[in-house]
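Engineer: What would the 3D arrangement of this be:
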Amino acid sequence: MNRQPRTGGDLVVESLAGLGAGTVFGIPGQHALGIFDALRRSHLRYVGLRVENNAGFAADGYARTTGGVAPLLLSTGPGALTALPALQEAASASVPVLAVCSQIPSAGLGGRRRGHLHELADQQAVFAPVVKSVHPARTASQIPSALAAAWESALTPPHGPVWVEIPQDVLLAPTTVPPVTGLRAAPRTPAPRAELIVAAAELLGSAVAPVILAGGGVVRAGAAGELRRLAELLDAPVACTFGAKGAFPWEHPLSLQSWLEDRHTTELLADADVLLVVGSGLGELSSNYHTLRPRGRVIQIEADPGKLESNHPALGIHADARLALAALGDTLAETLAGAAPAAGRTGRGAAVAAELLERVRKRIDAQGLDVEQQVLAAVRAALPDDAPAYFDMTILGYWAWSAWDARHPGGMHSAQGAGGLGYAFPAALGAAAARPGHPVLAVSGDGGAMYSIAELATARQHALDVTWLIVDDGGYGILREYMTDTFGTATATELTRPDFVRLAESFGVPATATTPQTLRADLTTALTTPGPSVVVLPALLRMFAPTHLEP
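Structural biologist: The predicted structure follows:
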């Protein structure tokens, strides 16, 4: 009996399986066929998409759901380049996607320019500025070590996408390297320095008006419990960035929720005598477009040392959010035990939070946006508490950044890291692949939906439980608003689009047209029906007025 010899492709799938992978995403290509051939000899589950960028988004959604590494299999040149936007999103949002890409044959490397199909002058140089780290493997024996190093890098905070590149001939050639069985990766989690925790505890313990801003690093570190304990110890109100949805209970008395694009929240953060920022670099969106200017002391806990004090002077603590919050909580519990609270602070936090939210509600309610609030409330009511929602860069998604109650850490995701279109549906497919049998919601506008429409075939083929809500307003709605507000009229924002209901049905995916009045019932039906479904809402929604443009 002739057995097909093991190849470099087998080393790839054996290594991925040994490191803990169970599912891989991607699209086959000529140079990567050695990997895909080896998949049939492995126990790895393959989820194939129709566009490489969507495969990257699906891997992103899978990684956010599992908290682990999501392998993404790509082919040389055009296939790899098509996935760049997805890898940029993973980098911006600190998502551990492991891209394994083929390369032209070894004989063409080193600048020899022999005219191979898909040849780039320096493929890994294209990806190096986007991903966290690059790991080329040029021989079969290098493959397991390269993958282990990449896996370790992806999961070492700050998490992020990584790149492994292997020539076509190495993937196809028979190998004498034994089957991979002893591969290990040991991610390193940065712990806080003791003297920094003591200094931070002293500042917070003596603060009269402390406020906490929780970023996405709290969710990634699994630090929701530590955050709540610290907030309650300090009686400190907590605001969550758009990437930290669910990190703090929405209805908690100390919750400021996520109205970061509101000047009232910006003013409250700026007025804190001590502002504790955890897991955020205070970037454009988290700082209300850089209008936040703290007047008190800032303490910043961040796993990415490059983000420490990148926007504001602070007591910077390079550490994992969970480890730092736990240490800070322990230190403060000892410090505050038996001590009188700082003057004027007892019970202050809940009153401050309630007053802030009332001011925000009055500002929003004065703008005549009842339909928008009705639509978002209907979506929230239809979605089970434990089901995640994935929002595209669409007006309803922008509303969700501020107004969505995620109900649990990781309950809401969007492409707000890099801001690319087409994220929601493929990312939701990845999340559904991670939790078979559990509903997932994707929300897109008609413009963003067209980026991902081919993945209806993927949803159908793999019977993934994703309900896709498409808000059809006939164009790029948010850009229409931006241009109209800025220039008085919009250009290049109006779109011809298909009949989304009939189009979905042509893929064998059930679909329905809905209205704001029937949306809750139609979404509830779709979410409780196994398999993919589409709900189309024709509606022209508006955004609430921005405050960062006010004098």
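Engineer: so who does residue 255 touch?
Structural biologist: For residue 255, the contacting residues are 237, 238, 248, 249, 353, by Cβ atoms under 8 Å, 6 or more residues apart in numbering. (Glycine included, C-beta is placed from N, CA and C.)
Engineer: Contact partners for the last one?
Structural biologist: Yep, that's residue 353 we're talking about. So residue 353 contacts 237, 253, 254, 255, 256 (Cβ under 8 Å, 6+ apart).
Engineer: can you check the first one too?
Structural biologist: Shown here is residue 237, whose contacts under the criterion Cβ under 8 Å, 6+ apart are 211, 212, 231, 254, 255, 256, 268, 349, 350, 352, 353, 356.
Engineer: Who are the packing partners of the one helix or strand the second one maps to?
Structural biologist: Residue 212 is part of strand 210-214 when elements are defined by DSSP states H and E. With contacts defined as 3 or more Cβ pairs under 8 Å, 6 or more residues apart in numbering; DSSP states H and E, the packing partners of strand 210-214 are helix 224-234, strand 238-240, helix 263-271, strand 274-278.
Engineer: how about 6 Å then?
Structural biologist: Based on contacts counted as 3 or more Cβ pairs under 6 Å, 6 or more residues apart in numbering; DSSP states H and E, the elements that strand 210-214 packs against are helix 224-234, strand 238-240, strand 274-278.
Engineer: Tell me where the stretch 351-500 of the chain has helices.
Structural biologist: For the stretch 351-500 of the chain, the helices identified by DSSP state H, counting those that start in this stretch occupy 370-382, 395-403, 424-434, 446-452, 455-462, 477-487, 500-506, in order along the chain.
Engineer: now what about the one helix or strand residue 322 maps to, what contacts it?
Structural biologist: Remark: residue 322 resides in helix 321-336, with elements defined by DSSP H and E. Contact with helix 321-336 is made by 191-192, 197, 200-201, 205, 217-218, 221-223, 226-227, 229-230, 233, 278-279, 301, 317, as judged by Cβ atoms under 6 Å, 6 or more residues apart in numbering.
Engineer: Drop anything exposed from those.
Structural biologist: For the contacts of helix 321-336, a neighbour count by 16 or more other Cβ atoms under 10 Å gives the buried set as 192, 197, 200-201, 205, 217-218, 221, 223, 226-227, 229-230, 233, 278-279, 301, 317.
Engineer: any idea how far the closest residue to residue 199 other than its chain neighbours lies from residue 276?
Structural biologist: Spatially, and ignoring its direct neighbours in sequence, residue 199 is nearest to residue 315 (6.0 Å; Cβ to Cβ, 6 or more residues apart in numbering). Using Cβ to Cβ, to the nearest Å, one obtains 10 Å as the distance from residue 315 to residue 276.
Engineer: ok, now residue 376?
Structural biologist: Taking Cβ to Cβ as the measure, residue 376 and residue 276 are separated by 29 Å.
Engineer: Okay, and the closest residue to residue 71 other than its chain neighbours sits in which element?
Structural biologist: Sequence neighbours aside, residue 24 is the residue nearest to residue 71 in space, at 4.3 Å (criterion: Cβ to Cβ, 6+ apart). Assigned by DSSP H and E, residue 24 belongs to strand 23-26.
Engineer: re earlier: now do the shared contacts for residue 315 and residue 276.
Structural biologist: Common neighbours of residue 315 and residue 276, counting by Cβ under 6 Å, 6+ apart, are residue 299.
Engineer: quick one, which of those two is more surrounded?
Structural biologist: residue 276 (30 against 17; other Cβ atoms under 10 Å).
Engineer: thinking again about what came up before, which members of the contacts of residue 255 define the maximum pairwise distance?
Structural biologist: Within those, 237 and 249 form the most distant pair, 12.7 Å apart (Cβ to Cβ).
Engineer: what about the residue nearest to residue 126 when sequence neighbours are not counted, neighbour count?
Structural biologist: The shortest distance from residue 126 to any residue other than its chain neighbours is 6.5 Å, reached at residue 120 (Cβ to Cβ, 6+ apart). Around residue 120 there are 16 other residues, counting by other Cβ under 10 Å.
Engineer: any idea which helix or strand of this structure has the worst average confidence?
Structural biologist: Every helix and strand of the chain was ranked by mean pLDDT, DSSP states H and E. The lowest is helix 477-487, at a mean of 89.
Engineer: can you pull the buried residues of that one?
Structural biologist: Result for helix 477-487 [16+ other Cβ under 10 Å]: buried residues 477, 478, 480, 481, 483.
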